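Novice: Coordinates for the following, if possible.
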Amino acid sequence: MNSASTAGLYHAPRTELSQNQGKFRIHFNHPGRNHPDHDDHGYGPLAAVVESFMDPDTLISMHPHQNEEIISWVPGGVMRHDDRQGNELVTDSEHLLVMNAGSGFWHEERTLADDPPLRMLQIFVRPHSLDLQPDIQHGSIEDPVANEWRHLFGPEGSDAPFYVRNDVNFYDARLEAGASVALPEIEGRDAYFYVFDGAVEANDVSFDRTESGLLVGEDDVTITAREDSVLVAFLVDPDAPVTRQGTIGR
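Specialist: Alright, predicted model coming up:
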């Protein structure tokens with residue numbers, strides 16, 4: 001099956017799929033794996049949500065991406081980006097970086113010796129078509145408001161400040177202990193959420209740090225923080241047309 005057809009809320013523990021490259025470590029969260037009957041590691045256009053760690057004074061040298069949209073969400077610390085187009089960009093809690101790799105884009109990432117240890121998410125979205133025009137977006141984002149969702153990217157033409165070339169909307173939230181919010185909703189879209197820090201309950205199901213939930217075919221889900229928490233959420237069209245030839249986010 002191409003999309004998960006059985007409605008419900010599906011919980012996944014911390015992923016066991018990881019790579020340790022010493023000063024750079026990554027943990028791959030594949031939203032399609034939350035559903036026991038789903039035959040794709042991704043969920044429609046949302047290929048992967050990757051928890052990435054970089055120690056101070058770490059360089060990930062120049063490398064290419066192709067046919068994927070890569071979003072760098074940095075809730076603390078700094079990630080420094082250089083590319084072959086001459087961009088030297090700093091992404092932190094006040095900025096978002098979106099690489100629309102298209103037909104090909106080369107970049108490198110680094111931290112300096114006096115930078116703090118970095119823990120971030122890199123999100124891989126499958127575009128709707130092959131070999132699109134490469135682009136890069138980098139800019140400031142609005143300050144978060146406690147206990148509210150912040151809309152950070154969406155499909156081209158949406159009201160989000162950044163875009164990806166498929167039907168995925170992305171939100172983050174910082175919840176105070178005891179606070180509740182409704183999971184974002186768009187008609188016809190399923191939801192995937194990931195607890196970056198803290199612990200929450202969603203419709204009486206507990207989700208701890210680095211655990212995730214996939215909500216299929218339902219709405220009216222309330223998330224309550226058991227402690228101060230940071231989480232992200234995606235609204236996804238599971239049946240959107242996709243290309244599966246990304247460098248990483250296949």
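Novice: residues touching the residue nearest to M54 when sequence neighbours are not counted, list them.
Specialist: If the residues on either side of it in the chain are set aside, M54 comes closest to L118, at 4.3 Å by C-beta to C-beta, 6 or more residues apart in numbering. Where you see a C-beta, it was placed from the backbone N, CA and C, and this is true even at glycine. Taking C-beta atoms under 8 Å, 6 or more residues apart in numbering, we find L118 in contact with S52, F53, M54, D55, V74, G76, G77, V78, M79, T111.
Novice: Show residues contacting stretch 83-98.
Specialist: 62, 69-82, 105-108, 136-141, 143, 152-153, 161-164.
Novice: quick one, phi/psi of A7?
Specialist: phi -70, psi 150 (degrees, to the nearest 10).
Novice: any low-confidence regions in this structure?
Specialist: Low-confidence segments of the chain (pLDDT under 70): 1-5.
Novice: Could I get the contacting residues of the residue nearest in space to the middle of it?
Specialist: Nearest to the geometric centre of the chain sits I123, at 3.6 Å (C-alpha atoms, centre = their mean). I123 sits next to L46, A48, V49, V50, I70, I71, W73, F170, F234 when contact means C-beta under 8 Å, 6+ apart.
Novice: Among those residues, which one is most surrounded by other residues?
Specialist: Among the contacts of I123, the one with the most neighbours (other C-beta atoms under 10 Å) is L46, at 30 neighbours.
Novice: re earlier: now the contacts of stretch 83-98: which count as buried?
Specialist: Buried positions within these, assessed by neighbour count (16 or more other C-beta atoms under 10 Å), are 69-75, 77-82, 105, 107, 136-138, 141, 152-153, 161-164.
Novice: re earlier: so the residue nearest to the centre of the chain, which of the three states?
Specialist: Under DSSP: H, G, I helix; E, B strand; the rest coil, I123 falls in the strand class.
Novice: list the contacts for S72?
Specialist: The contact partners of S72, by C-beta under 8 Å, 6+ apart, come to M79, H81, T91, L96, L97, V98, M99, M120, L121, Q122.
Novice: element containing the fourth one, please.
Specialist: To tie it back to what came earlier, the one meant is L96. Secondary structure assignment for L96, by DSSP states H and E: strand 95-100.
Novice: List the pairing partners of that strand within its sheet, with orientation.
Specialist: Its sheet considered, strand 95-100 pairs with strand 69-73 (antiparallel), strand 135-140 (antiparallel) by DSSP bridges.
Novice: Alpha carbons of the shortest one, as PDB, please.
Specialist: Put plainly, it is strand 69-73. Only the C-alpha atoms of strand 69-73 are listed here, as PDB (Å, rounded to 0.1, in the frame of the first residue of the first chain):
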ATOM      1  CA  GLU A  69      14.300  19.500   0.000                       C
ATOM      2  CA  ILE A  70      16.500  19.800   3.100                       C
ATOM      3  CA  ILE A  71      15.400  22.000   6.100                       C
ATOM      4  CA  SER A  72      17.700  22.800   9.000                       C
ATOM      5  CA  TRP A  73      15.800  23.500  12.200                       C
END
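Novice: quick revisit: what's the ChimeraX line that selects buried ones from the contacts of S72?
Specialist: A single ChimeraX command selects the buried members of the contacts of S72 (16+ other C-beta under 10 Å):
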select :79,81,91,96,97,98,99,120,121,122
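Novice: Farthest-apart pair in the contacts of S72, please.
Specialist: The largest separation in the contacts of S72, counting by C-beta to C-beta, is between H81 and L121 at 15.0 Å.
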